[in-house]
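**Student:** build me a model:
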Amino acid sequence: MDRLVAMRQFATVVETGSFSAAARRLNMGQPAVSKAIANLEEYLGVRLMARTTRAQHLTEAGQRFYERARVVLDEADEAEAAARDSATSLAGQLRLAAPPTYAALHILPRLAEFLDRHPELAVDLILDDRWVDLIEQGVDVAVRLGKPSDSSLIARRLGSSQRLLVATSAYLDQMGEPATPDELPAHRLIAYSQFEGPTAWSFTHGATNTSVAIQPVVRVSAGEGMRSCILAGLGIGMGSRLMFAPELAAGTVRPVLADWELSPVDVWVMFPAGRKSSRRARAFAEWLETVVGANGELLAPPVVP
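**Tutor:** As a prediction, this is how the structure comes out:
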């Protein structure tokens with residue numbers, strides 16, 4: 001058995017989530033992939049996956065093996081890159097996770113620059129507002145908004161963006177602007193939440209702190225849906241300046257209660273814990289840091305004389 005090949009096949013099954021998807025990525029037949037994993041389990045003398053008719057899940061031994069195998073595979077890729085003397089050019093696949101709205105506004109418009117530098121590199125994008133498990137999903141590097149909930153992750157803070165209330169100019173012209181937080185319940189409000197029940201928005205004005213309980217007319221669990229609701233003129237919602245940077249600059253969206261401060265949101269780039277980050281992941285993080293400002297927003301590209 002070629003153990004390195006077997007490790008890569010197993011890791012691909014874990015990272016793609018199914019034998020059929022792994023077979024497509026490996027350019028193999030599904031029966032061949034299934035047999036390869038069965039042979040690996042027989043060689044190790046332990047079950048790596050618990051299979052059902054609809055899905056498969058890692059056993060405890062399988063999770064431990066995957067984490068160690070991923071380290072070995074990353075080191076092998078690093079060794080190949082060093083042997084090819086590819087100090088300035090990267091090859092292989094970079095698996096990147098990011099929130100859909102942030103990626104659309106602040107990563108994808110300039111991603112071609114990164115790929116032009118590394119023409120042998122392919123990017124596999126996972127766009128999700130949820131905090132995906134980087135190890136389980138095989139993610140090399142993730143961009144996330146807000147404080148990392150997992151202290152074991154290797155994280156680098158890129159910047160901090162102001163959080164604010166916004167609405168379209170058309171809505172505010174028609175309905176009027178609230179002068180204080182206490183006037184918010186008289187407006188149509190949109191909340192970014194996956195939970196039921198009342199929502200409270202907290203503000204600071206100088207030395208004054210206040211919190212207002214609201215009953216939103218629309219609750220949205222995805223950032224892009226939040227953007228769409230507000231841009232459609234449904235009402236007032238809370239978001240980061242990152243989320244509405246183009247519309248704020250154009251004036252189609254205006255800040256509401258601008259004198260009342262909300263807590264900012266940080267932008268982080270994160271790497272999986274327990275294994276060395278790949279050259280691809282480190283290069284992407286360094287590139288992203290050069291194309292976003294201190295507030296995490298996309299900077300204008302340099303002017304070429």
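**Student:** low pLDDT regions in the stretch 201-305 of the chain?
**Tutor:** Applying pLDDT under 70 to the stretch 201-305 of the chain picks out residues 274-277, 302-305.
**Student:** now the helices for it?
**Tutor:** Counting by DSSP state H, counting those that start in this stretch, the stretch 201-305 of the chain has helices at residues 223-231, 245-250, 279-291.
**Student:** which one of these lies nearest to residue 134?
**Tutor:** helix 279-291 (10.3 Å; CB to CB). Backbone N, C-alpha and C define where each C-beta goes, glycine included.
**Student:** which helices and strands sit right next to the closest one?
**Tutor:** Here helix 279-291 touches strand 91-98, helix 108-117, strand 141-145, strand 154-161, strand 265-271, going by 3 or more CB pairs under 8 Å, 6 or more residues apart in numbering; DSSP states H and E.
**Student:** of all the helices of the stretch 201-305 of the chain, which one is nearest residue 133?
**Tutor:** With CB to CB as the yardstick, what comes closest out of these is helix 279-291 (16.1 Å).
**Student:** how big is the angle separating that closest one from strand 141-145?
**Tutor:** In terms of direction (axes from the mean of the first three to the mean of the last three CA atoms, to 10 degrees), helix 279-291 departs from strand 141-145 by 40 degrees.
**Student:** ok, residues contacting helix 279-291?
**Tutor:** Under the criterion CB atoms under 8 Å, 6 or more residues apart in numbering, residues 78, 81, 90, 92-94, 96, 107, 110, 113-114, 117-118, 121, 140-141, 143, 156, 158, 269, 271, 298-299, 301 lie in contact with helix 279-291.
**Student:** got a quick ChimeraX command for the buried subset of the residues you listed?
**Tutor:** Remark: buried members of the contacts of helix 279-291, expressed as a ChimeraX selection using 16 or more other CB atoms under 10 Å:
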select :81,90,93,94,96,107,110,114,118,121,140,141,143,158,269,271,298
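**Student:** follow-up on the earlier one: adding distance to residue 222, write the helices and strands packed on helix 279-291 out as JSON lines.
**Tutor:** As requested, those are arranged in JSON lines below (distance: least, CB to CB, whole Å):
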{"stretch": "strand 91-98", "distance to residue 222": "13"}
{"stretch": "helix 108-117", "distance to residue 222": "17"}
{"stretch": "strand 141-145", "distance to residue 222": "13"}
{"stretch": "strand 154-161", "distance to residue 222": "18"}
{"stretch": "strand 265-271", "distance to residue 222": "16"}
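**Student:** check the offset of stretch 210-227 from the chain's centre.
**Tutor:** The chain centroid and the centroid of stretch 210-227 are separated by 21 Å, computed with CA atoms, centre = their mean, to the nearest Å.
**Student:** how about stretch 32-43?
**Tutor:** Using CA atoms, centre = their mean, the mean C-alpha position of stretch 32-43 is found 33 Å from that of the whole chain.
**Student:** list the buried ones in it?
**Tutor:** In stretch 32-43, the ones that count as buried by 16+ other CB under 10 Å are 33-34, 36-37, 40-41.
**Student:** about what we covered before: residue 49 is nearest to which of the helices of the stretch 201-305 of the chain?
**Tutor:** For residue 49, the closest of the helices of the stretch 201-305 of the chain is helix 279-291, at 26.2 Å, according to CB to CB.
**Student:** how about the closest one: buried residues?
**Tutor:** Taking 16+ other CB under 10 Å as the neighbour-count basis, helix 279-291 is seen to contain the buried residues 279-285, 287-288, 291.
**Student:** ok, back up a step: among the buried residues of stretch 32-43, which two are most distant?
**Tutor:** Checked with CB to CB, the buried residues of stretch 32-43 reach their widest spread between 33 and 41, with 12.9 Å between them.
**Student:** if we can go back for a sec, from the buried residues of helix 279-291, pick the one nearest residue 48.
**Tutor:** When the buried residues of helix 279-291 are compared for distance to residue 48 (CB to CB), residue 281 comes out closest, at 25.2 Å.
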